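**Student:** I need the structure of the sequence given here:
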Amino acid sequence: MHLSRKNSVIHQIFSWYIDYMLKRGFFSYSHSDVDLKREEAILLLANHFSWWDGFFMFQLNKRLFKRQFHVLVTEEDYRKHWFLKYLGAFAPGPAGKDVVETLLYAGGLLDDPLNLVLVFPQGKLYSSYVGKIAFEKGLLQLINASGKKFQIIFSATLSDYFDRKKPRANSYLSNWQAEEYVSLQLLKSEYNKHYEQALKTQAKITA
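**Tutor:** The predicted structure is shown next:
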């Protein structure tokens, strides 16, 4: 397993750089508000349609959640983008058993109320125009590896250009209260309800 290697100096430099890049690349980035429980960690589930997604969620954590940021990425991304490990990224290694170990590690992070764990349930990049968000099986194993004393936040990020050279991006958030026994199908269904509502809301926006 590839662990994060947080370094306060590098973290601060890239925190500033991400802020700069978002301001340079987008006309605006906004998000909805959501009720939070400060005594619980956050499992943040987000759609994955662009290179920017992790940066959006990193920025969102700085603005709203204010937790220790952790993100589950692929081994390829961990190796390709060297700086991610200094921002809280961790990844499984090439061995099959490493995936299980990584999911157990992620579940353990959720037992600390100071933590936020970002997961892209789709597992890889998809178009922002997909009608449904797919969920990989490992997510349920991650949840079951924790003490289940955390909150689940759904995020759906969408963007439009309208009449500007740069797009406006919006992250729509909702807090989902999990049942005692959560199935992957239920989680997928509830997230997609949120995603569909985000699409409807986004469609009403005008330039």
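**Student:** ok, residue 17 - contacts?
**Tutor:** Shown in contact with residue 17 (CB atoms under 8 Å, 6 or more residues apart in numbering): no residues. No exception for glycine: its C-beta is placed from N, CA and C like everyone else's.
**Student:** ok, now residue 105?
**Tutor:** 1, 3, 90.
**Student:** which SS class is the last one?
**Tutor:** What that stands for is residue 90. strand (DSSP: H, G, I helix; E, B strand; the rest coil).
**Student:** Distance of it relative to residue 117?
**Tutor:** Using CB to CB, to the nearest Å, residue 90 is found at 9 Å from residue 117.
**Student:** who has more neighbours, these two?
**Tutor:** Neighbours around residue 90 and residue 117, counted as other CB atoms under 10 Å, are more numerous at residue 117. The numbers are 27 against 21.
**Student:** In terms of helices and strands, where is residue 44?
**Tutor:** Counting by DSSP states H and E, the element that carries residue 44 is strand 41-46.
**Student:** Now list whatever residues contact both of residue 90 and residue 117.
**Tutor:** The contact sets of residue 90 and residue 117 overlap at 70, 71, 72, 106 (CB under 8 Å, 6+ apart).
**Student:** Would you mind giving those residues as TSV with secondary structure added?
**Tutor:** Below are the shared contacts of residue 90 and residue 117 laid out as TSV (three-state DSSP):
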residue	secondary structure
70	strand
71	strand
72	strand
106	helix
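**Student:** Within the helices and strands, which one has residue 172?
**Tutor:** Short version, using DSSP H and E: residue 172 is in strand 168-176.
**Student:** mean confidence for that strand?
**Tutor:** Strand 168-176 comes out with an average pLDDT of 96.
**Student:** Just the angle for it relative to strand 41-46, thanks.
**Tutor:** Here the directions of strand 168-176 and strand 41-46 differ by 130 degrees (axes from the mean of the first three to the mean of the last three CA atoms, to 10 degrees).
**Student:** could you point out which element follows strand 168-176?
**Tutor:** Downstream of strand 168-176 (by DSSP H and E), the next one is helix 184-203.
**Student:** could you say what helices and strands that next one packs with?
**Tutor:** helix 138-144, strand 150-160, strand 168-176 (3 or more CB pairs under 8 Å, 6 or more residues apart in numbering; DSSP states H and E).
**Student:** what pairs with the most centrally placed residue in the chain across the strands?
**Tutor:** Centroid-nearest residue in the chain: residue 118, 3.7 Å away (criterion: CA atoms, centre = their mean). Taking DSSP bridges, one obtains residue 44, residue 71 as the residues bridged to residue 118.
**Student:** For it, report the pLDDT, please.
**Tutor:** Confidence score, pLDDT, at residue 118: 98.
**Student:** How about the contacts made by it?
**Tutor:** Residues in contact with residue 118 (CB under 8 Å, 6+ apart) are 44, 46, 54, 57, 61, 69, 70, 71, 72.
**Student:** Can you pick out the most distant pair from these?
**Tutor:** Greatest spacing in the contacts of residue 118, by CB to CB: 61 and 72 (14.5 Å).
**Student:** Out of the two, name the residue with the larger neighbour count.
**Tutor:** The neighbour count for residue 61 versus residue 72, taken as other CB under 10 Å, is higher for residue 72 (23 against 20).
**Student:** Now do the contacts for residue 177.
**Tutor:** Taking CB under 8 Å, 6+ apart, we find residue 177 in contact with residue 152.
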